[in-house]
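*Asks:* My questions are about this predicted structure, shown below with the sequence.
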Amino acid sequence: MPPDRGYQGVHTVLGSVAGLKRFLEIRESPYHGLNFCQGTVSEMLEDPGREIFDVIRYFGRRRKIFNVHFRNIQGRFLDFRETFVDDGDVDMLEAVRVYKEVGYDGMLMPDHVPTIAGDPGGRQAFAYTFGYIKALIRAVDG
């Protein structure tokens, strides 16, 4: 039996991919979509390094991804840790390819980044992440 995704007996509607799908089905509209946090969705999956691409395709093909928080993790559902964008289980270059494949034309932005010593406020970590994202986009766009 899968672990309970709720809190104190209350089911978390947006705590699973099925819940996200249901949320979008409640009221169909071209203005109803997701701030798609790739890291958070990866945390919902048993094998994010393999499964996340189909999730991106599902929501992307339906034009339901309005913005992307581009973040990586190591691990899986209920057993993960946040990583730098280039250090997790998800192939972020492949993720950018899939966003392009589905016609996503919005932003890819860091959500948050791991902290490192000597980097108050995460400025170096964010600069690294922005540069890495820019390089991935260039690699895909050619």
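*Replies:* Arrived safely.

*Asks:* what are the phi and psi angles of the residue nearest the centre of the chain?
*Replies:* Using C-alpha atoms, centre = their mean, the residue of the chain that lies closest to the mean C-alpha position is Q38, 0.2 Å off. With angles defined as degrees, to the nearest 10, Q38 sits at phi -60, psi -40.

*Asks:* Tell me where the longest helix sits in the chain.
*Replies:* helix 123-141 (DSSP state H).

*Asks:* Show me the contact partners of that helix.
*Replies:* With contact meaning C-beta atoms under 8 Å, 6 or more residues apart in numbering, helix 123-141 is reached by 70, 84-86, 92-93, 96-97, 100, 108-110, 113-116, 119. In short, each C-beta sits where N, CA and C put it, glycine included.

*Asks:* now, which of those lie within strands?
*Replies:* Members of those lying in strands (criterion: DSSP state E): L108, M109.

*Asks:* which stretches of the protein aren't confidently modelled?
*Replies:* Applying pLDDT under 70 to the chain flags residues 1-11.

*Asks:* And the residue of it positioned farthest from its centre, how close does it get to F130?
*Replies:* The centre of the chain is farthest from one residue, G118, which by C-alpha atoms, centre = their mean lies 27.3 Å away. In this view, G118 and F130 are 19 Å apart by C-beta to C-beta, to the nearest Å.

*Asks:* rewinding a little: filter the contacts of helix 123-141 down to the buried ones.
*Replies:* F70, F84, V85, M92, V96, R97, L108, P110, V113 (16 or more other C-beta atoms under 10 Å).
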